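*Asks:* 3D, please:
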Amino acid sequence: MRIGEIAALVGVTTRAVRHYHHLGLLPEPVRLPNGYREYTVRDAVLLARIRRLTELGIGLDEVRDVLAEDAGRDLVEVLEELDADLGRQEALIHERRARLAPLLDQAREGRLPAEGPVSPMLAELFGDMARASAALPGPEPAMAAKDRELLALLDTVAPAAEQERLMGAMRRMTEAPGAMEQAYALYEELDALEDADPADPRVERAAQRLADVLPDDLMPAGTDGPPQEGFLDAFLADFSPAQAAVVERALRLVMERAR
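*Replies:* Residues are numbered from 1 along each chain as shown. Below you'll find the model as predicted:
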């Protein structure tokens with residue numbers, strides 16, 4: 001993605017992106033031979049988190065501290081200071097404290113995800129994922145963490161109506177008996193394909209299994225293709241070739257099924 005694309009995706013200006021680079025909040029991305037910056041989904045995830053924190057009224061110096069230190073512990077302190085300050089700002093108190101309250105609850109109870117702050121609906125889903133991960137005999141699959149990062153990004157950049165539709169689809173999918181266990185089995189299957197060839201027969205099997213668990217209404221009504229190409233390319237670039245092939249194939253299967 002170019003700077004204009006990542007700015008439009010996250011909902012900030014290109015000037016803000018350059019300012020965050022200048023302050024060291026957002027690392028400079030790799031530059032192409034022609035001098036253009038090339039941004040990845042991981043850059044978009046970080047930029048979206050900066051936007052979410054600043055929208056809460058947190059200053060950029062405090063945002064730097066939150067990003068540099070342990071998110072859960074440090075963010076609690078920042079949010080509590082902001083909450084006290086909002087008590088003195090009568091004109092803004094209702095709007096800001098309504099948004100702040102669930103985040104404080106998550107932080108104080110140790111439920112604030114590393115990708116947070118996120119919406120209450122997504123925080124609930126992340127809580128279910130955390131419980132499923134804790135039941136695993138080994139460490140959490142890397143693909144699960146990538147999935148949370150993508151959901152947190154969409155939670156920031158998608159319009160409110162689209163967020164509600166996506167979260168509703170995700171909740172229906174994960175509330176089915178054994179769905180979360182099946183999802184983590186798929187995460188492990190995708191992790192196992194990290195060094196595989198895209199032609200590996202396991203790719204097609206994994207794509208079929210992924211398509212089977214994805215809801216039919218994952219894509220908006222009337223969608224004839226995958227998500228916008230710039231975003232999809234950057235998203236898939238974060239995966240190995242075999243993993244990317246699984247995701248692309250699964251999305252095609254879901255769209256074919258929904259027609």
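
*Asks:* Surely A244 touches L236?
*Replies:* Yes. Contact criterion Cβ atoms under 8 Å: A244 and L236 qualify, at 4.1 Å. Any C-beta I mention is one placed from the backbone N, CA and C, and that applies to glycine too.

*Asks:* tell me what the lengthiest helix in the chain is packed against?
*Replies:* Criterion DSSP state H: the longest helix present in the chain is helix 241-258. Here helix 241-258 touches helix 201-213, helix 229-237, going by 3 or more Cβ pairs under 8 Å, 6 or more residues apart in numbering; DSSP states H and E.

*Asks:* Distance from the longest one to the middle of the chain?
*Replies:* Put simply, helix 201-213 sits 22 Å off its chain's centre (Cα atoms, centre = their mean, to the nearest Å).

*Asks:* can you list the residues that contact it?
*Replies:* Residues outside helix 201-213 that contact it (Cβ atoms under 8 Å, 6 or more residues apart in numbering) are 173, 179, 182-183, 186, 189-190, 192-193, 196, 242, 245-247, 249-250, 253-254, 257.

*Asks:* any weak-confidence spans in this structure?
*Replies:* 69-79, 81-104, 106-107, 109-116, 217-230 (pLDDT under 70).

*Asks:* Burial check on A244, number of neighbours?
*Replies:* For A244, the count of nearby residues is 19 (other Cβ atoms under 10 Å).

*Asks:* From D233, how far out is it?
*Replies:* 10 Å (Cβ to Cβ, to the nearest Å).

*Asks:* With P141 instead?
*Replies:* Distance from P141 to D233, by Cβ to Cβ: 23 Å.

*Asks:* more crowded one of those two?
*Replies:* P141 (21 against 14).

*Asks:* what sits against the more buried one?
*Replies:* Applying Cβ under 8 Å, 6+ apart to P141 gives the contacts 184, 187-188, 190-191.

*Asks:* Which of those residues fall within helices?
*Replies:* Using DSSP H, these in helices are 184, 187-188, 190-191.

*Asks:* check contacts around I3.
*Replies:* So I3 contacts 14, 17-18, 36-37, 39 (Cβ under 8 Å, 6+ apart).

*Asks:* Export the residues you listed as CSV, with columns for distance to I6.
*Replies:* Output for the contacts of I3, formatted as CSV (distance: Cβ to Cβ, whole Å):
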residue, distance to I6
T14, 9
V17, 7
R18, 12
Y36, 12
R37, 9
Y39, 4
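
*Asks:* Just put those residues in TSV and tack on secondary structure, neighbour count and distance to L47.
*Replies:* What follows is the contacts of I3, written out as TSV (DSSP: H, G, I helix; E, B strand; the rest coil; neighbours: other Cβ atoms under 10 Å; distance: Cβ to Cβ, whole Å):
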residue	secondary structure	neighbour count	distance to L47
T14	helix	14	11
V17	helix	22	7
R18	helix	14	12
Y36	coil	12	17
R37	strand	17	12
Y39	coil	23	8
